[in-house]
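Asker: Please find the sequence and the predicted model below.
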Protein chains: 2
Amino acid sequence: MGSARRAGTEDSKTRSVLLDATEKLMLEEGYAAVSSRRVASVAGLNAALVYYYFGSMDDLFIAVFRRGAQRSLERQAEALRSAQPLWALWELTHSLTNTALTMEFVALANHRKAIQSEIVSYSQKFRTMQLEVISGVLNGYGIDAQRWPPVTVMLLMSGISRFLLMEEAFGIEVGHAETIALVERHIRQLEGDRRSGPS
Amino acid sequence: MGSARRAGTEDSKTRSVLLDATEKLMLEEGYAAVSSRRVASVAGLNAALVYYYFGSMDDLFIAVFRRGAQRSLERQAEALRSAQPLWALWELTHSLTNTALTMEFVALANHRKAIQSEIVSYSQKFRTMQLEVISGVLNGYGIDAQRWPPVTVMLLMSGISRFLLMEEAFGIEVGHAETIALVERHIRQLEGDRRSGPS
DNA sequence: GTCTATAGCTGGATAGAC
DNA sequence: GTCTATCCAGCTATAGAC
């Protein structure tokens, strides 16, 4: 199931230090700054270890992505178990914690097939999980699935959120407050006021 | 006003051949594939000419961006003069012609300040132009600007469109048809059926 | 497991001939 | 304006010592 890792155990200390260093570099300087030498330098280790543990730079990227995606998936599962799932989902997708990293991977995947298919595969897991809950919720609230298909509500929430975050990354925030207010007004119509904040 | 171009006239044949080659490379292989040697090879010219005409690779990228943005700006101005400006705008932002290139620049700009500020600056021009027309249109249709602020309508149209295109670039199209239908239903409520297709 | 050393490549950028 | 030649930097990846 995993990529063709050359060696090293899954729970090796060194391995996770390398993953941490890569993640840090991606967030602070972008994926283009990630090289075996730079990663090693941040980790305080030797560059050859990257190849010992991951085999190639592509496999290192994939390992970082999988670790982050798995964590997010668990956070999403928890959010969807909330008593106000739409509120919880909105707050989660709109929290910038892991979004910056995701955007970095999207950019990286633009022309690297291995990473692209990894993103697509995880994205389906996220969507399937969301759709199941949103369908039930909207149905419970008596929403006409013809006029507001659950899959559309799901795409709108994810899409608007990601778009706003992308703009914010560029320092553009014109109209954001009004748009967020509009989304939250709709959520409030269904779930009432938000009762407990994000975890 | 322009960047510190070393030499060459603005309307030089060689200069525009280099711009064409860069654009082609970005679209087909991504910005990471753009190097002076590769550009020259595609253009059938010598690599040193890139530096003669543009000074640096960053300035080459900026020149390509400006040329494309200027063209898009003119196309948008034309669309907004349509008798059905919302339809025209939606069709324009949802046409993938120049969007693939834009996404490439967004990725490139992630950590290159010069290009980022170029994008921000042009993005403001696009938005100002859109907002002016959308405000007038919504007002003319008697839309409550409190519930549906023009700036929000503008962001929703741009955001949904770009998000769908990003997903399509990854081969993900679940729920897209339903979402597009929903947007177009709203546009139809205001402007009626689309009368003439995109140019 | 961790290191040094190195092969082999590609890139940005410039000098200078023509 | 266009070209050749070249410098120097940085990268991936591997071999092999410890």
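Answerer: Great, that's in hand. Residues are numbered from 1 along each chain as shown, chains lettered A, B, ... in the order given.

Asker: ok, so what distance separates the residue in chain A positioned nearest to DNA strand C from chain B?
Answerer: Going by Cβ to the nearest atom of the strand, DNA strand C is nearest to A:Asn46 of chain A, at 2.9 Å. All C-beta atoms are positioned from the backbone trio N, CA, C, and that covers glycine. For A:Asn46, the distance to chain B equals 26 Å [Cβ to the nearest Cβ, to the nearest Å].

Asker: By mean pLDDT, flag the weakest helix or strand of chain A.
Answerer: One helix or strand of chain A scores below all others by mean pLDDT, DSSP states H and E: helix A:99-109, with a mean of 90.

Asker: Could you list the low-pLDDT ranges of chain A?
Answerer: By pLDDT under 70, the low-scoring segments of chain A are A:1-9, A:96, A:197-199.

Asker: can you give me the helices in chain A?
Answerer: With helices called from DSSP state H, chain A shows them at A:13-29, A:36-43, A:48-54, A:57-80, A:85-94, A:99-109, A:113-140, A:150-169, A:176-191.

Asker: just to revisit the earlier point, may I see the buried residues of the least confident helix or strand of chain A?
Answerer: Neighbour counts using 16 or more other Cβ atoms under 10 Å in any protein chain shown place A:Thr99, A:Leu101, A:Thr102, A:Met103, A:Glu104, A:Phe105, A:Val106, A:Ala107, A:Leu108, A:Ala109 of helix A:99-109 among the buried residues.

Asker: Just name the closest of those residues to A:Asp11, please.
Answerer: A:Leu101 (21.7 Å; Cβ to Cβ).

Asker: measure the closest one to A:Glu28 for me?
Answerer: Distance, A:Leu101 to A:Glu28, by Cβ to Cβ, to the nearest Å: 11 Å.

Asker: Which neighbouring elements make contact with the least confident helix or strand of chain A?
Answerer: Packing partners of helix A:99-109 (3 or more Cβ pairs under 8 Å, 6 or more residues apart in numbering or on different chains; DSSP states H and E): helix A:13-29, helix A:57-80, helix A:113-140, helix A:150-169, helix B:99-109.

Asker: about what we covered before: now do the same contact list for the residue of chain A closest to DNA strand C.
Answerer: A:Ala40 (Cβ atoms under 8 Å, 6 or more residues apart in numbering or on different chains).

Asker: Next: the one 4 residues further on.
Answerer: When the contact criterion is Cβ under 8 Å, 6+ apart, the partners of A:Val50 are A:Leu18, A:Ser36, A:Val39, A:Ala40, A:Met57, A:Leu60.

Asker: Let's see that with 7 Å instead.
Answerer: Listed by Cβ atoms under 7 Å, 6 or more residues apart in numbering or on different chains, the contact partners of A:Val50 are A:Leu18, A:Ser36, A:Val39, A:Ala40, A:Leu60.
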